[in-house]
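Q: give me a model of this one.
(chains A, B, C and D)
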2 protein chains.
Amino acid sequence: MKFQETFKALSDPTRREIIALLRDKPLHAQQIVDHFQQSNATISHHLSVLKNAELILDEKQGKFIYYELNTSVLDEIIGWISSLKS
Amino acid sequence: MKFQETFKALSDPTRREIIALLRDKPLHAQQIVDHFQQSNATISHHLSVLKNAELILDEKQGKFIYYELNTSVLDEIIGWISSLKS
DNA sequence: CTCTCATTTCGATATCTATCTAAATGATAT
DNA sequence: ATATCATTTAGATAGATATCGAAATGAGAG
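A: This is a model prediction of the structure:
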């Protein structure tokens, strides 16, 4: 895991909101687009940043690609931050 | 606490290294500058970003300003990330 | 095989950020 | 008061990034 990519990915509000959306359940791209006032191209870009940071995983189902949180990376971030505290 | 500022602050490698330095003990600006190959102006900028994100606190001692980690903000980040996992 | 439609890529732009040198500030100590 | 020195601000530049509309891709369904 690369902290650089992870924190950069988390440093954009749209991406944090996408992550929060995925907390409840996996969604496909169009469902995510529908939550925002931004173009599908923009959301696609954000998804690729999140995917590159391994914060989300994608899984094909029928004609959709479903995105879901990758909680193991979240654990690694928590581990790094915790290590700063002593 | 503003996540925007916090994650942006953490998304730069120099700033993460400054934070790691401060894990052990408070340091003043010149001591931090000495750890890097960057100008004092650049480090000053990074310190101000970290301060603005409340990731570090500053305390005057004699002719130096000592910077130290603000662990309570670290706890808030951990809290936010943990909340994503369920 | 072809149509449809979900998703990504392209190309462009405007804003943001990290960095530098040089100058300004501000506080301590003589 | 003034010289010194730690720190910040100013102004500039190069590179990164968020965003868009439009075009391309690619996989399912008929």
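
Q: so the helix or strand containing residue A:44, near DNA strand D or not?
A: Assigned by DSSP states H and E, residue A:44 belongs to helix A:40-52. Yes - counting by CB under 7 Å from any atom of the strand, DNA strand D has neighbours in helix A:40-52: A:40, A:41, A:42, A:45, A:46, A:49. For glycine as for every other residue, the C-beta is placed from the backbone atoms N, C-alpha and C.

Q: I'd like the next helix or strand past that helix.
A: Following helix A:40-52 in sequence order, the next helix or strand is strand A:56-61 (DSSP H and E).

Q: pull up the pairing partners for that next one, direction included.
A: strand A:64-69 (antiparallel) (DSSP bridges).

Q: close to DNA strand C, is the strand it pairs with?
A: Yes - contact of strand A:64-69 with DNA strand C (CB under 7 Å from any atom of the strand) involves A:64, A:65.

Q: residues contacting residue A:70?
A: A:54, A:55, A:56, A:57 (CB atoms under 8 Å, 6 or more residues apart in numbering or on different chains).

Q: perfect, that will be all.
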